[in-house]
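Participant: Quick one: sequence and predicted model below, then my questions.
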Amino acid sequence: MNHTRRVQTFIGAAMLLAASTAAYAISLSHTLHGYFALAVLALAAATSRMKVKLPGINGNMSVNLPFLLTAVVNLSAAEAILITCVSTAVQCWPRKSAKFNSQQMAFNISMMTFATCSASLMFHGEALHGWAWMSLAWKSTPLSLALATLTLFLGQTVPVAAIIALSEGKAVGPLWGSMAQLSFPYYVLSAGISSMVETVSAHMGWQLALAVFPVMYAIHRSYRLYFAKTAGTQRADVLVRAARAGA
């Protein structure tokens with residue numbers, strides 16, 4: 001089986017898994033949050049185009065992650081799925097000079113949907129149903145948030161590393177390791193921001209809690225500068241090694 005067939009099969013499996021997981025998560029959703037959900041949707045979509053290129057890897061990191069995690073923690077699974085799908089579609093929509101890639105869109109939406117559903121089920125305890133001792137252990141909000149963040153991290157990075165490895169013929173392990181090393185600190189930071197939003201929302205209202213957009217923009221700028229500097233250092237190292245080899 002060639003690379004193209006493997007990639008297509010992987011995308012098909014991701015779509016089926018996302019659809020089944022979403023159907024189950026949505027069936028457990030009851031409470032809707034109206035304007036709060038619309039506000040998170042608007043901010044997630046707005047920040048989804050603020051992407052950072054990961055150095056040395058054919059992949060990007062979107063700045064809207066804290067808003068997706070906020071949706072998982074504060075909203076129903078149905079609302080979190082809707083926010084994830086819309087913001088991912090906005091993120092992947094091609095610019096004027098680029099062509100629309102239906103396979104890339106289908107994979108990204110499926111991958112993000114599955115990751116969001118899994119994180120929501122973990123945070124709200126549905127995924128631990130039947131494991132009473134474990135469910136009780138994760139009733140603490142900080143522990144639930146940690147589990148949801150880890151689930152979202154694995155649900156996003158592992159499939160991305162896998163499809164890049166399939167399409168480029170690389171080993172998935174080292175590729176995922178590099179991606180995880182670069183992106184994991186941002187997931188930890190996003191968990192902290194989501195916890196802050198939840199706390200402020202509970203005591204002062206969600207309107208004030210969502211006034212974190214300037215913070216996200218500052219983080220975006222910092223990551224872009226840092227990764228640009230890292231990429232420049234890597235290119236300089238390559239040139240130095242090439243010069244030494246040719247000497």
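Facilitator: That came through fine.
Participant: burial measure for residue 186, as a count.
Facilitator: 18 (other CB atoms under 10 Å). C-beta here means a position set from N, CA and C on the backbone, and glycine is covered the same way.
Participant: same thing with residue 179?
Facilitator: 21.
Participant: wait, doesn't it sit right on residue 161?
Facilitator: Yes: contact status for residue 179 versus residue 161: in contact at 5.5 Å, counting by CB atoms under 8 Å.
Participant: Quickly list what's touching both of those two.
Facilitator: Between them, residue 179 and residue 161 have no joint contacts when contacts are counted by CB atoms under 8 Å, 6 or more residues apart in numbering.
Participant: Looking at residue 23 now. What's its pLDDT?
Facilitator: Looking at residue 23, its pLDDT is 92.
Participant: do residue 38 as well
Facilitator: Residue 38 is assigned 88 on the pLDDT scale.
Participant: Then residue 65?
Facilitator: Here the pLDDT value assigned to residue 65 is 84.
Participant: now the helices for the chain?
Facilitator: For the chain, applying DSSP state H gives helices covering 3-27, 35-48, 65-74, 77-92, 102-124, 132-137, 141-168, 172-204, 206-209, 213-246.
Participant: send the alpha carbons of the third one over as CSV?
Facilitator: Taking Å, rounded to 0.1, in the frame of the first residue of the first chain, the C-alpha atoms of helix 65-74 are listed here in CSV:
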residue,chain,number,x,y,z
LEU,A,65,-6.1,26.2,22.3
PRO,A,66,-7.0,28.0,25.6
PHE,A,67,-10.4,28.8,24.2
LEU,A,68,-11.0,25.2,23.1
LEU,A,69,-10.0,24.0,26.5
THR,A,70,-12.2,26.6,28.1
ALA,A,71,-15.1,25.2,26.0
VAL,A,72,-14.3,21.7,27.2
VAL,A,73,-14.2,22.8,30.9
ASN,A,74,-17.1,25.3,31.0
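Participant: packing partners for that helix?
Facilitator: helix 35-48, helix 77-92, helix 102-124, helix 141-168, helix 172-204 (3 or more CB pairs under 8 Å, 6 or more residues apart in numbering; DSSP states H and E).
Participant: quick one: buried residues of the second one?
Facilitator: Put plainly, it is helix 77-92. 77-88, 90-92 (16 or more other CB atoms under 10 Å).
Participant: Could you give the average pLDDT over it?
Facilitator: Rounded to a whole number, the mean pLDDT of helix 77-92 is 92.
Participant: tally of neighbours for residue 25?
Facilitator: 25.
Participant: Not counting residues beside it along the chain, what's closest to residue 169?
Facilitator: The shortest distance from residue 169 to any non-neighbouring residue, by CB to CB, 6 or more residues apart in numbering, is to residue 3 (6.4 Å).
Participant: what separates that neighbour from residue 100, distance-wise?
Facilitator: 21 Å (CB to CB, to the nearest Å).
Participant: what does stretch 9-27 contact?
Facilitator: Contacting residues not belonging to stretch 9-27 are listed as 1, 77-78, 81, 103, 106-107, 109-111, 113-114, 117-118, 120-121, 126, 159, 162-163, 166 [CB under 8 Å, 6+ apart].
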